[in-house]
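# Dropping a prediction and its sequence here:
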Amino acid sequence: MIDHLVLMSGHPAAGNSLPRLVSVLGDDGAARLQRSLLERAVRTARHWRDGGEDRRVTVSCRGASAREFRDWLGDDLEFDGDSGGSPGARMAVASVRAFTRGADRVLLAGVQCPDLTSVQLARALFALQHVDCVLGPGHAGRYYLIGLVAPAPAVFAGIPWGTGAVLSRTLAAARHGDLRVGLLPTLPMVHGPGDLVHAAHLIAEPVSRKAQG
């Protein structure tokens, strides 16, 4: 059984990171937080990968080349360049790529959920023993993770990304496609100024810290 985790992330760059937080953190501060969020997600992914057999991790890159991401995050991960399109289109392509490479179960996770741990990833995979699709609900109607046992492009199509209807519309699309759906515990996500309480420890981290290790 091959399990494949894909981290979906943009490259942290001033003026192009966490736009809802720029009013509070400034362009540079929002980029630093984006960097810390991705580095934390990578550490979690490595911990999960190294805790079992036949586990793979890919970073789906946006805003910079796969080589730039690799130089930053390390060459023990896999990196895919930006496929373009909406968030849903990118996730659909990322999931198909993972299944094409031999995965039996695929998890797609964003990096804006600092409480996501290897335990939650294990729970998602356990759920996929019994359902076709698993979702990790975030607050404000979003989700921090989606897991699949087969390609299901319909769950990414026609979703109003960036709104509070993402989770409900995804659930509706999955059920319309006769997919059995499971839900993980709800976890906080970092989107707007009111969410910074969940990322205070990351804001305080040194900028020079590396994701490796």
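Here it is on my side, so go on.
# For this protein, which element, helix or strand, carries the lowest mean pLDDT?
In the chain, the helix or strand scored least confidently by mean pLDDT, DSSP states H and E is helix 200-203, which has a mean of 66.
# list the buried ones in the helix or strand encompassing Phe99?
Element membership of Phe99 [criterion: DSSP states H and E] is helix 87-100. Neighbour-count burial for helix 87-100 flags Gly88, Arg90, Met91, Ala92, Val93, Ala94, Ser95, Arg97, Ala98, Phe99 (criterion: 16 or more other Cβ atoms under 10 Å). Heads up, the C-betas are built off the backbone N, CA and C, glycines and all.
# what helices or strands is that helix leaning on?
For helix 87-100, the packing partners by 3 or more Cβ pairs under 8 Å, 6 or more residues apart in numbering; DSSP states H and E come out as strand 3-10, strand 55-62, strand 105-109.
# Tabulate these (CSV), appending mean neighbour count, distance to Tyr143 and mean pLDDT.
Listed next are the helices and strands packed on helix 87-100 as CSV, based on neighbours: other Cβ atoms under 10 Å; distance: least, Cβ to Cβ, whole Å; pLDDT from 0 to 100:
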stretch, mean neighbour count, distance to Tyr143, mean pLDDT
strand 3-10, 23, 12, 95
strand 55-62, 22, 16, 94
strand 105-109, 24, 10, 98
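# possible to save these as JSON lines with distance to Leu116?
Formatted as JSON lines, the helices and strands packed on helix 87-100 follow (distance: least, Cβ to Cβ, whole Å):
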{"stretch": "strand 3-10", "distance to Leu116": "10"}
{"stretch": "strand 55-62", "distance to Leu116": "13"}
{"stretch": "strand 105-109", "distance to Leu116": "6"}
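# Arg40 is nearest to which of these?
Across the helices and strands packed on helix 87-100, Arg40 has its closest neighbour in strand 3-10 (10.6 Å, Cβ to Cβ).
# All set now, cheers.
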